[in-house]
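[1] here is a sequence with its predicted model. Questions after.
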Amino acid sequence: MSFKGRDILSTVDMSKEDFLEIMKVTGKMEELTKKEPVSNLLSDKIVAVLFMEPSTRTRLSFETAIHRLGAKAITVASAASSSAAKGETLADTAMTLDGYVDAIIVRQPQTGGARIMADAAKAPVINGGDGAGQHPTQALLDLYTILKEKGTLENLKIAMVGDLKYGRTVHSLSYAMAPFSPKEYIYCAPEELQMPEEIVKDMADRSIPVRKTADISEALQADIIYMTRIQRERFEDPAQYERLKGSFVLTRDLVKQGNPNISVMHPLPRVDEITTDVDDLPNAAYFRQAHNGVYLRMALLAMVTGRA
Amino acid sequence: MSFKGRDILSTVDMSKEDFLEIMKVTGKMEELTKKEPVSNLLSDKIVAVLFMEPSTRTRLSFETAIHRLGAKAITVASAASSSAAKGETLADTAMTLDGYVDAIIVRQPQTGGARIMADAAKAPVINGGDGAGQHPTQALLDLYTILKEKGTLENLKIAMVGDLKYGRTVHSLSYAMAPFSPKEYIYCAPEELQMPEEIVKDMADRSIPVRKTADISEALQADIIYMTRIQRERFEDPAQYERLKGSFVLTRDLVKQGNPNISVMHPLPRVDEITTDVDDLPNAAYFRQAHNGVYLRMALLAMVTGRA
Amino acid sequence: MSFKGRDILSTVDMSKEDFLEIMKVTGKMEELTKKEPVSNLLSDKIVAVLFMEPSTRTRLSFETAIHRLGAKAITVASAASSSAAKGETLADTAMTLDGYVDAIIVRQPQTGGARIMADAAKAPVINGGDGAGQHPTQALLDLYTILKEKGTLENLKIAMVGDLKYGRTVHSLSYAMAPFSPKEYIYCAPEELQMPEEIVKDMADRSIPVRKTADISEALQADIIYMTRIQRERFEDPAQYERLKGSFVLTRDLVKQGNPNISVMHPLPRVDEITTDVDDLPNAAYFRQAHNGVYLRMALLAMVTGRA
């Protein structure tokens, strides 16, 4: 079950063993970084960082991972400066980059775009997010964060709050945690933005207890509360948005009334769905979560290049 | 005939000896990369990569070359983020960069702009393309590709297809191959886009047999077929474009009817002038050509900094 | 008086001892660079270079400094590609970057923005310019340039010319040189653009002789003449701009009529306020000034990370 040369396009096709292997290597990368902030593990490797839509956080996280491994990055930070602007196909871009680099990280707005590049390139491709499609490094860093916060992935009660209908991260999280026998998923959202029925059914098929609610105090009884942003544009009726939005904002007072050991996660950037007075509570895991992304991305890069 | 400190602005002023020296060093860089993907040859050098118009492929190729030599890059990837936006002259930019870096790579839309920078800077300047002017690294990587594909630069039959009127690469190629006693140049284009008379005459002056044709099957008898894109904008009459474009598209079937040893080249990006079913034929040299660009750019950087 | 972990937000709160310490380390960095163009001093450090408004010169100077110290950079070169575009606060950006890097350099258009990031980040923050606010690395490299050109910072006659009303650099310079007992400040500007009364009064309070003039020949008797650009937009009456602008342009002839040892400085980019025939006079210090910026920025990075 080596990851050498493997493309990382989605977490959907990953087994529990895959997840555990990745968690193990991510832990090693965190230890390595503590001992040696910039190592030589990939000092002979060059990595393409191709961001055809802006996502500074993800791009800088990948580039930090590249530097911490001693590798070099060649970067495209916006679509405007890319060859795509000249009408080149993703496949041609991939075949060209093949001669430059040892791995390709790509984020672009076209669902399935990462797979097109992976099919064309000999070098392993890591999907940094493809539109409404997959964003596997987010799902994997979420898993690593849960493992670090709770000491285990097994048998947890996980609440997801906010826009569960369109939120890519909570869909991926539902599937990624499924092999670890969750005690319960608490889907907390306004009715218009509840988890799609297809996913709820998939979870039922996996014998995972699912509870739907619009009451955030129920969500606060979980081991993990995963917050997401509710966007005004999702509502046909703006008045409905105004009436609802306050009910899905996490405040310091709310956290204090919940499970004292609850960990608060968020994929960031946040706007106002978690008030800043939560930030210095020990429960606030969202910046730790962002920082874990570097270790996770180091792990994937080391694994696909055969160095871990 | 040392290249140390020399500006690389154009291939027009290069001698046959220059070309051969550059080919030799490029070969060494390819060997070096195979042994040591990231070397220390220029580990104490910093290189400015100043792209004031977008050209991802060329920029990433240069940056890969810089990394493979162990050097560091400081990059401007678009005009919008450059000081030129504040009205600074190219000469002032050059004199400022002089204090930062050991070599300057510049691409900008103004013909002759690279020379202005070279005149102002103490550091050697490499022209990464200046508008309708020169793009010497493209011409040199084309030469290296021909040498690699054919084993020699001497006595070859070379076809150039497509937009020969405006195509900068085929102009440069005509001149760059001239010292190597070409057996024949086959210029294959619609009449409106044929090679400028001035260049045809220059080739005649050098005693190079030139054939003009609009029939791609003639071009397919050459040792090298160099494809370029025909742009709709070049035609006053759109109907004329529609009528003609199909005649200058290279397909798998056409390649199979031509010289079995023909090498297909293209400066990339392609749009549809070579169908993708050509890609896995051994004749398809265009991605190898792109990859050769890295070795060629390594060679130039090593030469102008006095390290090769 | 260690600088380790200290934010560099402004020169206003710096003591004479601070300035002297920074000058000393900057000198060491210049020597180090001469011996070892790329050192290992910060080879285990990663630095964020966050430029949310374009400023190529400053950004490339910082990145060169990072490379010369052997450190790694993660870069945002424009606001468009930043998370701010998604509504993230500067504080959240800072707390995220905290997990990635050892120091943060930030330039953004909001006055006080650098302090907001510094308050949120554990990592030291260096202000690369915040709108109409502070630009401390410019002020410090100006000081280092004066020290190098004159051999001392003490007891100098310093002329400042051009737009003294809005020119951030000349305001900072007035304060930064104040502890070094200037012999005289000559403020040379059209009346509409003279130094703000508040600053003139602050200098009087520090017992610094101040002379106001609109005659550049008076300014040319100083030890240092610091030129700045007069922008057309500053005048309500365009005719007034046209009538005045010529009087504040420095030419070769003017320099030749002034103090033979005068050093001409300019924060760059210049447009036409210094004619290019001044460039090759030994008095022209403005490109040396730009080059000094790299040593100064190396010094600050080494100091705040505890390595100098």
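    Good, I have the coordinates.
[2] doesn't A:A73 belong to a helix?
    No: secondary structure of A:A73 (DSSP: H, G, I helix; E, B strand; the rest coil): strand, not part of a helix.
[3] from chain C, how far out is it?
    Separation of A:A73 from chain C (CB to the nearest CB, to the nearest Å): 9 Å. Placement of C-beta: from N, CA and C, glycine included.
[4] run through the bridge partners of that residue.
    According to DSSP bridges, the partner residues bridging A:A73 are A:V47.
[5] chain neighbours aside, what residue packs nearest to the residue in chain A that chain C sits nearest to?
    Using CB to the nearest CB, the closest approach of chain A to chain C is made by A:H291 at 2.7 Å. In this structure, A:H291 finds its nearest non-sequential neighbour in C:G99, 2.7 Å apart by CB to CB, 6 or more residues apart in numbering or on different chains.
[6] check A:R168 too.
    According to CB to CB, 6+ apart, the nearest residue to A:R168 is A:H135 (5.9 Å).
[7] who touches the one you found in this structure?
    Each residue near A:H135 by CB atoms under 8 Å, 6 or more residues apart in numbering or on different chains is listed here: A:127-129, A:168-169, A:172.
[8] let me see the backbone angles for it.
    The phi/psi pair for A:H135 (degrees, to the nearest 10) reads phi -150, psi 70.
[9] what of the one 10 residues further on?
    Main-chain torsions, A:T145, degrees, to the nearest 10: phi -70, psi -40.
[10] so it makes contact with A:N292?
    Yes: with contact defined as CB atoms under 8 Å, A:T145 reaches A:N292; the gap is 5.0 Å.
[11] in the stretch 201-308 of chain A, which spans are strands?
    With DSSP state E, counting those that start in this stretch, the ranges of strands along the stretch 201-308 of chain A come out as A:210-213, A:224-227, A:263-265.
[12] direction included, what does the first one pair up with?
    Based on DSSP bridges, the strands next to strand A:210-213 in the sheet, each with its direction, are strand A:184-188 (parallel).
[13] what is the distance between the strand it pairs with and the centre of its chain?
    How far strand A:184-188 lies from its chain's middle: 19 Å, per CA atoms, centre = their mean, to the nearest Å.
[14] residues of the stretch 201-308 of chain A that sit close to chain C?
    Counting by CB under 8 Å from any CB of the partner chain, the stretch 201-308 of chain A comes close to chain C at A:268-271, A:276, A:279, A:287-288, A:290-291, A:294.
[15] which of those count as buried?
    Among those, the ones that count as buried by 16 or more other CB atoms under 10 Å in any protein chain shown are A:268-270, A:279, A:287, A:290-291, A:294.
[16] out of these, who's nearest A:K45?
    Minimum distance to A:K45 across those is 16.7 Å, recorded for A:V294 (CB to CB).
[17] same list (the strands of the stretch 201-308 of chain A) but as JSON lines, adding mean neighbour count.
    Below are the strands of the stretch 201-308 of chain A laid out as JSON lines (neighbours: other CB atoms under 10 Å in any protein chain shown):
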{"stretch": "strand A:210-213", "mean neighbour count": "15"}
{"stretch": "strand A:224-227", "mean neighbour count": "28"}
{"stretch": "strand A:263-265", "mean neighbour count": "25"}
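[18] mean pLDDT added to those, as a markdown table?
    As requested, those are exported to a markdown table (pLDDT from 0 to 100):
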| stretch | mean pLDDT |
| --- | --- |
| strand A:210-213 | 98 |
| strand A:224-227 | 98 |
| strand A:263-265 | 98 |
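[19] thinking again about what came up before, reformat the contacts of A:H135 as TSV; add neighbour count and secondary structure.
    Listed next are those as TSV, based on neighbours: other CB atoms under 10 Å in any protein chain shown; DSSP: H, G, I helix; E, B strand; the rest coil:
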residue	neighbour count	secondary structure
A:N127	26	strand
A:G128	28	strand
A:G129	22	strand
A:R168	18	helix
A:T169	19	helix
A:S172	21	helix
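[20] quick revisit: pull the contacting residues for the residue of chain A closest to chain C.
    Contact analysis of A:H291 by CB under 8 Å, 6+ apart lists C:96, C:98-100.
[21] between these, which is closest to chain B?
    C:Y100 (19.4 Å).
[22] and the nearest residue to the closest one once chain neighbours are set aside, how far from chain B?
    Excluding its sequence neighbours, the residue lying closest to C:Y100 (CB to CB, 6+ apart) is A:T64, at 4.3 Å. According to CB to the nearest CB, A:T64 stands 17 Å off from chain B.
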